[in-house]
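K.L.:
sequence unavailable; structure follows:
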């Protein structure tokens, strides 16, 4: 059955087998805890208090420091295309913590033995490693009510994340560049949701150079849409296109 939760400024759609709805409560607790800690829209959150100077980074919780350290590792490995810092220097972990929430929720379901499930938070999707292949849609950047395509998740690719400016505006900073992004939408399929989400953001930020670098170095499948509406895809993604 499919359930919906409003959380982290968006909607989570969770599919669970019949009889497993009790797991929605601990999953909501995971999402709420991360939102309360990391949201820069909540002045009382831990990250907001660091941004405002009320709390020093050295006094931050272990959970926040772990996410920040993970984001810094991704900044290094992507050559700065992904960054946890806004141009004004404010620490902003929005590019990783939603994926971490999905990751934690998925680990919870695995720990309790849920046989099949999927978690979709704002279009970022993780499926059960034991639930079999699953067709998964990618939204059309020109029409949010339509699909650009559908791919099959499963096997070594369990996660899909989409980033870009088509529906949320240009919210991804690009090393101080004011030029329009080359890609208005990037979708990445990967083995885990954090890798998928971070690399989708990095490709939007870094453009074609980042796309070439990332697809050379990571085992991911990618589809991009540029400003003229042209598509680029990896061969793996073409092979995973779901047929109706």
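P.N.:
Structure received. Not measured: the values here are computed from a predicted model.
K.L.:
neighbours around residue 73, how many?
P.N.:
Counted with other CB atoms under 10 Å, residues neighbouring residue 73 total 12. All C-beta spots, glycine's among them, are computed from the backbone N, C-alpha and C.
K.L.:
quick one: it is in a helix?
P.N.:
Yes - Residue 73: assigned to a helix according to DSSP: H, G, I helix; E, B strand; the rest coil.
K.L.:
what about the longest strand in this protein?
P.N.:
strand 143-153 (DSSP state E).
K.L.:
buried ones in it, by neighbour count?
P.N.:
148, 149, 150, 151, 152, 153 (16 or more other CB atoms under 10 Å).
K.L.:
for stretch 69-82, same thing?
P.N.:
Quick answer for stretch 69-82 (16+ other CB under 10 Å): 70, 71, 74, 75, 77, 78, 80, 81, 82.
K.L.:
what's the longest strand of the chain packed up against?
P.N.:
Packing partners of strand 143-153 (3 or more CB pairs under 8 Å, 6 or more residues apart in numbering; DSSP states H and E): strand 134-140, strand 159-164, strand 183-190, strand 221-226.
K.L.:
how far is the longest one from where the chain is centred?
P.N.:
With CA atoms, centre = their mean, to the nearest Å as the basis, strand 183-190 stands 10 Å off its chain's centre.
K.L.:
go on, stretch 86-104?
P.N.:
9 Å.
K.L.:
contacts for it, please.
P.N.:
For stretch 86-104, the external contacting residues (CB atoms under 8 Å, 6 or more residues apart in numbering) are 8, 30-31, 34, 38, 40, 47, 50-51, 57, 64, 67-68, 70-71, 74, 82-85, 119, 121-122, 124, 126, 161, 172-173, 176, 192-194, 196-198, 201.
K.L.:
now do the end-to-end distance for it.
P.N.:
Taking CA to CA, to the nearest Å, the first and last residues of stretch 86-104 lie 25 Å apart.
K.L.:
near residue 1, how many other residues are there?
P.N.:
Residues contacting residue 1 under the criterion other CB under 10 Å number 10.
K.L.:
partners of the nearest residue to residue 148 once chain neighbours are set aside in the sheet?
P.N.:
Nearest residue to residue 148 in three dimensions, chain neighbours excluded: residue 140, at 4.3 Å (CB to CB, 6 or more residues apart in numbering). For residue 140, the beta-bridge partners under DSSP bridges are residue 143.
K.L.:
show me what contacts residue 140?
P.N.:
If you count contacts by CB under 8 Å, 6+ apart, residue 140 has them with 146, 147, 148.
K.L.:
so the residue nearest to the second one when sequence neighbours are not counted versus residue 65, what's the distance?
P.N.:
Right, residue 147. Nearest residue to residue 147, sequence neighbours excluded (CB to CB, 6+ apart): residue 137, at 4.4 Å. The gap separating residue 137 from residue 65 is 36 Å, by CB to CB, to the nearest Å.
K.L.:
one more: residue 209?
P.N.:
For residue 209 relative to residue 65 (CB to CB), the value is 31 Å.
K.L.:
got it, and residue 239?
P.N.:
40 Å.
K.L.:
ok, residue 154 touching residue 130?
P.N.:
No - between residue 154 and residue 130 there is no contact under CB atoms under 8 Å: 10.3 Å.
K.L.:
list the contacts for the spatially most central residue of the chain?
P.N.:
Per CA atoms, centre = their mean, the C-alpha nearest to the average position across the chain is that of residue 197, at 3.3 Å. Residues counted as contacts of residue 197 (CB under 8 Å, 6+ apart) are 95, 96, 98, 99, 124, 159, 161, 163, 188.
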